[in-house]
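K.L.:
whatever this is, show me its structure:
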Amino acid sequence: MLNQHWHRFGAISTASLVILMAGQPLTIAQAQPLPDKTQRGCNDKLLLLSTHPDVVALGQLYERYLNQTSLAIDSELGLSREEFAQNLFTLTEGLKNLKPQEASLSLSAVDAELLKRLQRDYARELANLRNDSNQKNDARFSTNTFLQGTAVEMTRKSRVLNKPRFSTVPPPPSVSAPASTQPVPSPIPALGPSPEPQAEESRNPYPVPFNTEDYSRIQENPFQRPMANPLSTFSIDVDTASYSNVRRFIRQGQLPPKDAVRIEELINYFPYDYPQPAAQQPFSVSTEVATAPWNSKHQLVQIGLKGKQVTEQPSNLVFLIDVSGSMQSPNKLALVKKSLCTLVHQLNPQDRVSLVVYAGQAGIVLPPTLGSQKSKIMAAIDRLEAGGSTAGGAGIELAYTTAARYFLKEGNNRVILATDGDFNVGQSSDAELERLIEQKRDQGIFLTVLGYGTGNYKDNKMELLANKGNGNYAYIDTFLEAQKVLVSDLRGTLFAIAKDVKIQVEFNPAKVQAYRLIGYENRLLQAQDFNDDRKDAGEIGSGHTVTALYEVIPTGVTSDVKLPSVDPLKFQKPQPLPSSAQGDELMQVKLRYKQPQGNTSELITESVPARATSLTTASKNLQFAAAVAMYGMVLRDSEFKGEASLDRVLTLASQGQGE
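P.N.:
The predicted structure follows:
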């Protein structure tokens, strides 16, 4: 039953080992179940993913004999057979031309046989490559060029320029943001080929001249005394961006900024085996109590929600693509295009897709098109190129207008924004964008935000937009992550089963000395907001799981944590506890939610008994969630981390991996 959890253990344990082993390469199981090893791209050509055996083998040959690792980085965007052949050709030529002292060791018999097998399997692509190379007398395959940079880097350059390297056929027309807000007619007019590069690029596959990344400050939730603060109220959060963004930092050999680590998003990145909801409920509620792994005197309370699987409704989707100059890096627009084409492959014939782009101005480059016309949609995506400043506000407004014009009353209406968040021209104040998105949210149009890139990444702005748009926020750093978000988790990403989901917990002061909510710092609500149906909160998608953890200090325990205190009150005296507090309840959990198109909330109430198990006998769900939470506390260097360590993370994660 818990086989899928083995993959999640691979993610957390490897991430921990990266730090323990001072930056060893990170390999992460990013999809549940593991993604296919191939995927069709925008031009419908088969793409080989970084997990494909041939890509893995070629990368090992590069690293083993030429001391090159950039193939592994580049292959995260997916390689066509032609691109794979380019890298194979360069490897072969490089081995021929390297001087004996430049090769780290001689080609072994096993690797020689492997190289021959790859050459046989890609013989047609290699032959076409040699023909094109001979016709054009392409000096880029000379030994001198090889020593300056691998074919992977040349592939990267051609992607940035959106121009084929070897074919004698002129490149397809490209599209950046239009010069005005008027819709762009279809077919999209050609803007001419991109210019040739003027200088050799950096060997860094993701060049970043300076770092202007922005993260909202996180003030970690402190312990509260239930006599003074009996209620804890917050909105659920199904975002996962923090986990993949943290992973990106670790892969680059550095710890993430503390404010980039949102522990609830690390936990909710993974699925959990909570029970399916009852027939009439949109989600189930599960609770469990065990010893806290970082402080044996404390307890850990898990609250788990499991959304029901729903039948897919027709979708009215508007792809809103940032094509500004800041999106030129290969891990931005090039990855955006491949990500969205992955989504296009999942469309049903009755779905409709529009494509809006923005840079200095915003415009429609693809009017609403049926999902049955996948080639037309993907061709429009494939012709996008980056350039100009970023009028993000104008783009969002046009996208919502387009979605409203073709609104499906009995369908899924959603804007999917793909950007690095660097809005620097136009309607770009947080307040203006927030009001616009709230207005459209109330009209039934939700927002999904997909973040890309490094260096100028604006995490704080994108999280704000998704929170206000009744949507979700994911960070896509690799093509495998795009598959997870837009293929494996597609239903949860696009189809909401409940909105404005709030949780309110009342703690029993007879059982609880103090408590704190782990994570959700930017989703906290006032106690009165729980019953206020005007107050916005998070949504749950089809099949989504949501997990929240509380750390509890039982009454009678002498803890090493300093608890808040206030002077005695002059005008009020402590009242004796009611008889209900003397029962076996640790706390009461209440949830409110609305139907996706509803305006009135419904209430669910659950009681949590004051019975804690040992960590070793706790469920796999709690063990794994606790390991992820502990991992986040270590990364944040939390003042409440107690005895948490990466060794403990690994041990507990292995216990929670499943059978």
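K.L.:
from here on, just use CA atoms for contacts and neighbour counts.
P.N.:
Will do.
K.L.:
check contacts around the residue lying closest to Tyr272 once chain neighbours are set aside.
P.N.:
Of all residues not flanking Tyr272 in the chain, Asn621 sits nearest, at 5.9 Å (CA to CA, 6 or more residues apart in numbering). For Asn621, the contacting residues are 272-274, 656, taking CA atoms under 8 Å, 6 or more residues apart in numbering as the criterion.
K.L.:
biggest separation within those residues, which pair?
P.N.:
Within the contacts of Asn621, Tyr274 and Gly656 form the most distant pair, 14.0 Å apart (CA to CA).
K.L.:
compare the two and say which is more crowded by neighbours.
P.N.:
With neighbours defined as other CA atoms under 10 Å, Tyr274 and Gly656 compare such that Gly656 has more, 25 against 19.
K.L.:
so that one touches Gln623, yeah?
P.N.:
Yes. Taking CA atoms under 8 Å as the contact criterion, Gly656 and Gln623 are neighbours in contact, 5.0 Å apart.
K.L.:
ranges for the strands of the stretch 301-450 of the chain?
P.N.:
Counting by DSSP state E, counting those that start in this stretch, the stretch 301-450 of the chain forms strands over residues 315-322, 352-358, 362-370, 412-419, 446-451, given from the N-terminal end onward.
K.L.:
turn those strands into a markdown table, including distance to Ala57.
P.N.:
Below are these laid out as a markdown table (distance: least, CA to CA, whole Å):
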| stretch | distance to Ala57 |
| --- | --- |
| strand 315-322 | 35 |
| strand 352-358 | 38 |
| strand 362-370 | 40 |
| strand 412-419 | 32 |
| strand 446-451 | 30 |
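K.L.:
related to what we said a few turns ago, distance-wise, check the residue nearest to Tyr272 relative to Pro275.
P.N.:
Between Asn621 and Pro275 the computed distance is 11 Å (CA to CA, to the nearest Å).
K.L.:
tell me if Glu606 really is in a strand.
P.N.:
Yes. According to DSSP: H, G, I helix; E, B strand; the rest coil, Glu606 belongs to a strand.
K.L.:
show me the strands in the stretch 501-650 of the chain, by range?
P.N.:
So, for the stretch 501-650 of the chain - with DSSP E, counting those that start in this stretch - the strands run 512-518, 538-541, 545-554, 585-594, 602-609.
K.L.:
ok, what's across the strand from the closest residue to Ile503 other than its chain neighbours?
P.N.:
Taking CA to CA, 6+ apart, and ignoring the residues beside it in sequence, Ile503 has Leu591 as its nearest neighbour in space, at 4.6 Å. Using DSSP bridges, the beta-bridge partners of Leu591 come out as Ile503, Ile604.
K.L.:
can you report how many residues neighbour the nearest residue to Asn211 once chain neighbours are set aside?
P.N.:
Counting by CA to CA, 6+ apart, the nearest residue to Asn211 once its immediate chain neighbours are dropped is Gly455, at 4.4 Å. The local packing count at Gly455 equals 16, with neighbours defined by other CA under 10 Å.
K.L.:
give me the mean pLDDT for the helix or strand encompassing Ala127.
P.N.:
Secondary structure assignment for Ala127, by DSSP states H and E: helix 123-136. Across helix 123-136, pLDDT averages out at 77.
K.L.:
what do you get for stretch 574-584?
P.N.:
Stretch 574-584 shows a mean pLDDT of 82.
K.L.:
make residue 1 into 655 and carry on from there
P.N.:
Yep, numbering from 655; the last one is stretch 1228-1238 now.
K.L.:
what comes into contact with that stretch?
P.N.:
By CA under 8 Å, 6+ apart, the surrounding residues in contact with stretch 1228-1238 are 1162-1164, 1263-1264.
K.L.:
gap between it and the chain center?
P.N.:
45 Å (CA atoms, centre = their mean, to the nearest Å).
K.L.:
same question for stretch 1024-1037.
P.N.:
24 Å.
K.L.:
stretch 1106-1121 too?
P.N.:
With CA atoms, centre = their mean, you get 11 Å for stretch 1106-1121.
K.L.:
just the residues contacting that stretch, thanks.
P.N.:
Applying CA under 8 Å, 6+ apart, the set of residues contacting stretch 1106-1121 from outside is 860, 862-870, 980-981, 983, 985-986, 990, 1072-1076, 1084, 1087-1088, 1091, 1101-1103, 1105, 1126-1127, 1129-1131, 1191-1192.
K.L.:
go again using 7 Å as the cut-off
P.N.:
Taking contacts as CA atoms under 7 Å, 6 or more residues apart in numbering, the residues outside stretch 1106-1121 that touch it are 862, 864-870, 985-986, 1073-1076, 1088, 1101-1103, 1126-1127, 1129-1131, 1192.
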